[in-house]
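Peer 1: sharing a model that was predicted from the sequence below.
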Amino acid sequence: MAELAAAHGVHRSWIYKLLARYRAEGDAGLVPRSKRPHRSPRRVPTSVEDEIVLVRKRLAEEGLDAGALTISWHLAQRGGPVPSVSTIWRVLARRGFVVPQPAKRPKSSFVRFEAALPNECWQSDMTHWALADGTGVEIVNVVDDHSRFCLASVAFPVTRATDVAEVLLGAIERHGAPAAVLTDNGCIYTAKHRGGRVVTETLLESLGVAYKHSRPYHPQTCGKVERFHLTLKRFLCRQDAAVDLPALQAQLDRFVATYNTARPHRSLGRRTPAAVFDAKVKATPAPRAGATHFRVRRDRVDKTGRVTLRYQSKLLHIAIGRAHARRRVVLLVADLDVRVLTEDGTLLRHLTLDPSRIYQALGRA
């Protein structure tokens, strides 16, 4: 026995154990057996494993993040003991919910930045989606750089520059003006490459908001809103395809409510964006002199080449020119400062209102 054990590099006791198994069971006694213990007192109860799986399935069906960290957060909301994140991950792996992924670019290779305060910087971008009949639509998203709070998510058949301005203005009315806005170089955000300006640029300038653009062909600069697109689309993929724009907007509103208040964000220490957005004082635009009341108004130039604007309960008539009769325009109003633009952002007239005159003639600056 000693010589046999030495030849195979095992202990003599193992040879005696195999021999005893063979005498008792025959060849079946030599089949390799599991070393797993018959019982494990510290193992997670089956009921807890079932609850982990249930939460995982519910989140996945809703198109929300369903990783171990997120499941841990949701289990903590119900009270009682919560397994560690690593235990939850092992349960998911054992139940077949973990899908192997190829090697990813290491996080250390990214240069990360984050605004120090809410409203210090907003990121905005447009993404594409399709209705149930295959009709293409576009979604404009705005998120806060510091808290990832979704400030707006609005669907349009085709996004125009004036639509972006209205989305931003609505977000400003609800959450206050930001110190800066960051977007890409799309035509709905800037006309600098055409030697002009779009509505968003003139609106933010009138508000005193710094307007910044990412480097061309470098979407990583607007990475937070780009990542939000992915999270939003994962949710939409799990919903019934919207038959029209109002139905899609209802889905967006429901997602934004969940995302902001009931979805822990990994980059925020498992806090919700709403909690982080409300935790600190909000940044504001740089101090400036001038207008303090802002609004956007859509109108059509009448046949005489005029548009009307109510100021302090008085209806004023602004001359645009007969050449623009029947044209749809957008009025950006900042107290007495008024800019009249076409729907594609071309400036038709910039003037300072004279409240003492009902008619604002063309020759008046």
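Peer 2: Nice, thanks for sending it over. Numbers count the residues shown, from 1 in each chain.
Peer 1: what residues are up against residue 341?
Peer 2: 162, 199, 202, 329-332, 347-348 (Cβ atoms under 8 Å, 6 or more residues apart in numbering). Where you see a C-beta, it was placed from the backbone N, CA and C, and this is true even at glycine.
Peer 1: where does the residue positioned nearest the centre of the chain fall, secondary structure wise?
Peer 2: Against the mean C-alpha coordinate of the chain, by Cα atoms, centre = their mean, the closest residue is residue 228 at 2.8 Å. If you go by DSSP states H and E, residue 228 is part of helix 223-237.
Peer 1: after that helix comes which helix or strand?
Peer 2: Sequence order places helix 245-261 as the next helix or strand after helix 223-237, per DSSP H and E.
Peer 1: same question for that following helix, mean pLDDT?
Peer 2: For helix 245-261, mean pLDDT is 95.
Peer 1: can I get that helix in CSV, CA atoms only?
Peer 2: Presented in CSV, the C-alpha positions along helix 245-261 are these (Å, rounded to 0.1, in the frame of the first residue of the first chain):
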residue,chain,number,x,y,z
LEU,A,245,-46.9,60.2,-29.7
PRO,A,246,-49.1,60.8,-26.7
ALA,A,247,-48.8,57.1,-25.7
LEU,A,248,-45.0,57.3,-26.0
GLN,A,249,-45.0,60.5,-23.9
ALA,A,250,-47.0,58.7,-21.2
GLN,A,251,-44.4,56.0,-21.2
LEU,A,252,-41.6,58.6,-20.9
ASP,A,253,-43.3,60.4,-18.0
ARG,A,254,-43.8,57.1,-16.2
PHE,A,255,-40.1,56.2,-16.7
VAL,A,256,-38.9,59.6,-15.5
ALA,A,257,-40.9,59.3,-12.3
THR,A,258,-39.4,55.9,-11.6
TYR,A,259,-35.9,56.9,-12.6
ASN,A,260,-35.8,60.0,-10.5
THR,A,261,-37.5,58.8,-7.3
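Peer 1: which parts of the helix holding residue 228 are buried?
Peer 2: 223-226, 228-229, 231-232, 234-236 (16 or more other Cβ atoms under 10 Å).
Peer 1: with stretch 188-207 instead?
Peer 2: Within stretch 188-207, the residues that count as buried by 16+ other Cβ under 10 Å are 188-191, 197-204, 206-207.
Peer 1: could you do stretch 277-286 as well?
Peer 2: 277, 282-283, 285.
Peer 1: now those as TSV including distance to residue 44?
Peer 2: As requested, these are exported to TSV (distance: Cβ to Cβ, whole Å):
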residue	distance to residue 44
277	35
282	43
283	45
285	52
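Peer 1: many thanks, have a good one.
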